[in-house]
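[1] Sequence and predicted model, in that order:
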Amino acid sequence: MAQLKVTQIKSIISEKQYQRDTLRSLGLKRIGQTVLRPDNPVNRGYVRTVAHLVTVEEVK
């Protein structure tokens, strides 16, 4: 099963509350932190919501 490697690259300061909540849902708390999440529609939606704050790589 494929996974998404999500890394936070920008700060959440001055971002809207729903974007902050989305980063928390992904498990990200600080700049430079990386998490592995399953590649499913829910996580793809989360990443799309905060695409300007994170980088994403597909990992097998």
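    Happy to help now that I have it.
[2] what's the helix or strand for residue 45?
    helix 41-49 (DSSP states H and E).
[3] List the buried residues in the next helix or strand after that helix.
    Later in the chain than helix 41-49, the nearest helix or strand by DSSP H and E is strand 54-59. Neighbour-count burial for strand 54-59 flags residue 54 (criterion: 16 or more other C-beta atoms under 10 Å). Where you see a C-beta, it was placed from the backbone N, CA and C, and this is true even at glycine.
[4] mean confidence score for strand 54-59?
    Strand 54-59 comes out with an average pLDDT of 97.
[5] helices or strands up against it?
    strand 3-8 (3 or more C-beta pairs under 8 Å, 6 or more residues apart in numbering; DSSP states H and E).
[6] who does the strand it packs on pair up with?
    Strand 3-8 pairs in its sheet with strand 34-38 (antiparallel), strand 54-59 (antiparallel), by DSSP bridges.
[7] Can I get these in a markdown table including distance to residue 8?
    What follows is the strands paired with strand 3-8, written out as a markdown table (distance: least, C-beta to C-beta, whole Å):
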| stretch | distance to residue 8 |
| --- | --- |
| strand 34-38 | 8 |
| strand 54-59 | 5 |
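[8] Kind regards, and thank you for your time.
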